[in-house]
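Enquirer: this one's sequence-less:
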């Protein structure tokens, strides 16, 4: 069972991490702009509802059910994140949640009625992890897909007692649907680089199709 860690003090690490280049961690701009905030949206799974589930860890691509392991449809994605503040310091102990629709465009939410054949039972739908001393954490999920009215995206929430909650979305860089997406268009052009996932082919032996390294910059 996933147990959400208690959030304590924030510990910072300087040194080489403060000099990470934008090439190494896409989204790191010289201005250290914080990630643009967005609303939770209609499909954020409430904590009380999530806690009724036994499986909401950082691997969204597998679901344990009745002693079996179900595997998600779609193109598997390895999402490596690093939480940093606007001064370039790496933040440990930050809880990060992600949620997204499955390959059939269905969300996991108490107000969404899941009909057989219209959702993927092998996709977890949401997950949580916590940054280590270098501010890093990983998720295993699927490449996001569009659904009516929205371009492909992954919702993300970063939480720590020192800066509260930061909620945003990550988009696929260069996706043709971005230009038609009302939330993407509302983001200032200077902030878009922080939200663009640069998908790279994953190693053949990783079991993944894509990998992403993304910096998440929070207020100092």
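Expert: Nice, I can see it. Note that the structure is a prediction, hence the values are computed from the model and not measured.

Enquirer: can I assume residue 183 sits in a helix?
Expert: Yes: the assignment for residue 183 by DSSP: H, G, I helix; E, B strand; the rest coil puts it in a helix.

Enquirer: Number the residues from 735 up from this point.
Expert: Shifting the count to begin at 735 puts that one at residue 917.

Enquirer: Just confirm it contacts residue 904, I think it does.
Expert: No: at 11.7 Å, residue 917 does not count as touching residue 904 under the criterion of C-beta atoms under 8 Å. All C-beta atoms are positioned from the backbone trio N, CA, C, and that covers glycine.

Enquirer: Can you pull the residues that touch both of the two?
Expert: residue 887 (C-beta atoms under 8 Å, 6 or more residues apart in numbering).

Enquirer: Just want to know which of these two has more residues nearby.
Expert: Comparing residue 917 with residue 904 by other C-beta atoms under 10 Å, the one with more neighbours is residue 904, at 24 against 18.

Enquirer: Give me the nearest residue to the more buried one, chain neighbours excluded.
Expert: residue 888 (4.6 Å; C-beta to C-beta, 6 or more residues apart in numbering).

Enquirer: can you tell me the helix or strand for the one you found?
Expert: strand 887-894 (DSSP states H and E).

Enquirer: swap in residue 789?
Expert: Residue 789 belongs to no helix or strand, assigned by DSSP H and E.

Enquirer: backbone phi and psi for it, please?
Expert: phi -130, psi 90 (degrees, to the nearest 10).

Enquirer: ok, back up a step: for the strand holding residue 888, buried residues please.
Expert: Within strand 887-894, the residues scored as buried using 16 or more other C-beta atoms under 10 Å are 887, 888, 889, 890, 891, 892, 893, 894.

Enquirer: do stretch 908-915 as well
Expert: 909, 912, 915.

Enquirer: Residue 937: which of these is nearest?
Expert: Among these, residue 909 lies closest to residue 937 (C-beta to C-beta), at 23.4 Å.

Enquirer: Validate this expectation: that closest one resides in a strand.
Expert: No: counting by three-state DSSP, residue 909 is not part of a strand but coil.

Enquirer: ok, the residue nearest to residue 904 - contacts?
Expert: 813, 832, 833, 834, 875, 878, 903, 904, 931.

Enquirer: could you redo the last one with a cut-off of 6 Å?
Expert: 832, 834, 878, 904 (C-beta atoms under 6 Å, 6 or more residues apart in numbering).

Enquirer: any idea of the pLDDT on it?
Expert: With respect to pLDDT, residue 888 has a value of 98.
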